[in-house]
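Student: Below are the sequence and a predicted model; questions follow.
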Amino acid sequence: MPYTVDFKNVSTVGLESSPVTDALAGLRANEARYFKNKYDHEFTVRPASEASDVVDYVSRILSEERGLVIASRPLEATSFEVGGFRMAYVFYESGLAINVMYGIEDGAKRAVGFKLSEGMEVPEELASTFKFARQKSKLAGEIRGSFFVIKGEY
């Protein structure tokens with residue numbers, strides 16, 4: 001069942017099994033606020049079991065681009081087009097959020113972003129490869145993020 005993320009009244013709906021439930025809900029709300037403010041887009045997620053196409057798409061890019069397999073269980077996912085980009089998000093039980101920003105036009109930006117919820121450790125599969133920058137968020141506390149540029153066609 002789709003769920004429109006409310007960034008004014010942050011809810012943990014769909015994320016209850018995460019050990020960092022509140023921080024992950026704040027991170028999800030932070031993303032919803034960004035897309036609402038920048039593009040007037042309602043950020044709607046579905047349980048990962050109902051969005052296996054999105055989870056598979058993100059997993060394929062991680063595997064083919066960097067040989068990465070995320071150990072944590074996906075909880076929610078979404079995909080949409082906005083501002084000339086195809087966006088895909090997967091929120092994981094560990095508190096990790098992964099997004100794929102794929103520019104539709106040739107030569108447009110294409111990247112995978114990682115965001116870590118406050119209170120979670122850097123996942124083992126990312127620790128040796130990525131450095132994480134810190135940013136403050138009123139909704140999510142301290143978010144740590146990293147990214148890589150997508151080289152292939154997806």
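Tutor: It's in.
Student: Pull out the buried residues from the lengthiest helix in the chain.
Tutor: Counting by DSSP state H, the longest helix found in the chain is helix 21-39. By neighbour count on 16 or more other CB atoms under 10 Å, the buried set for helix 21-39 is 21-33, 35. All C-beta spots, glycine's among them, are computed from the backbone N, C-alpha and C.
Student: could I get the residues you listed as a markdown table with distance to Tyr3 and pLDDT?
Tutor: Output for these, formatted as a markdown table (distance: CB to CB, whole Å; pLDDT from 0 to 100):
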| residue | distance to Tyr3 | pLDDT |
| --- | --- | --- |
| Thr21 | 15 | 97 |
| Asp22 | 17 | 97 |
| Ala23 | 18 | 97 |
| Leu24 | 14 | 98 |
| Ala25 | 11 | 97 |
| Gly26 | 15 | 97 |
| Leu27 | 15 | 97 |
| Arg28 | 10 | 98 |
| Ala29 | 12 | 97 |
| Asn30 | 16 | 96 |
| Glu31 | 13 | 97 |
| Ala32 | 10 | 97 |
| Arg33 | 15 | 97 |
| Phe35 | 15 | 97 |
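Student: still on that earlier bit, what does the longest helix of the chain rub up against?
Tutor: Helix 21-39 is contacted from outside by 5-7, 10-12, 15, 18, 41-43, 45, 76, 82-83, 89, 91, 95, 97, 99, 115, 117-120, 137, 139-141, 143, using CB atoms under 8 Å, 6 or more residues apart in numbering.
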